[in-house]
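Novice: generate a structure from the sequence data that follows.
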Amino acid sequence: MSTAETIEGIAAASGAILGVVGEVVELAEKYGPEIYTTIIAAIEQSKSGTGPTDADIQAIIAKCVADNAAIQSA
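Specialist: Residues are numbered from 1 along each chain as shown. Model (predicted):
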């Protein structure tokens, strides 16, 4: 791999990371800081190698809905 290809790869990875961070910040601004906990839990489950189960995904969605309802009523 050449230096130019390495730099392009790093730039692409950095861009992807910044995109995710921007999305998380946008969600936090929209739904409140509680979303960070939900996102971290989802990331930790996806890093497990087996990924989240259907029940895990349903639980995450339910938590997001509950967080949103609590924020909207505050």
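Novice: and stretch 21-28, what's buried?
Specialist: Residues of stretch 21-28 include none that count as buried (16 or more other C-beta atoms under 10 Å). No exception for glycine: its C-beta is placed from N, CA and C like everyone else's.
Novice: all further residue positions should be reported with the first residue as 884.
Specialist: Okay, residue one is now 884; in that scheme the one you just asked about reads as stretch 904-911.
Novice: and the most centrally placed residue in the chain, how close does it get to Asp950?
Specialist: With distances taken as C-alpha atoms, centre = their mean, the residue of the chain nearest its centroid is Ile922 (4.5 Å). For Ile922, the distance to Asp950 (C-beta to C-beta, to the nearest Å) stands at 11 Å.
Novice: returning to that earlier point: check which helices and strands the one helix or strand the residue nearest to the centre of the chain maps to sits against.
Specialist: Assigned by DSSP states H and E, Ile922 belongs to helix 917-929. Applying 3 or more C-beta pairs under 8 Å, 6 or more residues apart in numbering; DSSP states H and E, we find helix 917-929 packed against helix 886-914, helix 937-956.
Novice: could you say what helices and strands the first one packs with?
Specialist: Spelled out, that is helix 886-914. Going by 3+ C-beta pairs under 8 Å, 6+ apart, helix 886-914 lies up against helix 917-929, helix 937-956.
Novice: quick check: buried residues in the shortest one?
Specialist: The one in question is helix 917-929. Neighbour counts over helix 917-929 (16+ other C-beta under 10 Å) mark Glu917, Ile918, Thr921, Ile922, Ala925, Gln928 as buried.
Novice: next: the longest one.
Specialist: Judged by neighbour count using 16+ other C-beta under 10 Å, the buried positions of helix 937-956 are Ala942, Ile943, Lys946, Cys947, Asp950.
Novice: which one of those residues is nearest Thr886?
Specialist: Among those, Ile943 lies closest to Thr886 (C-beta to C-beta), at 40.8 Å.
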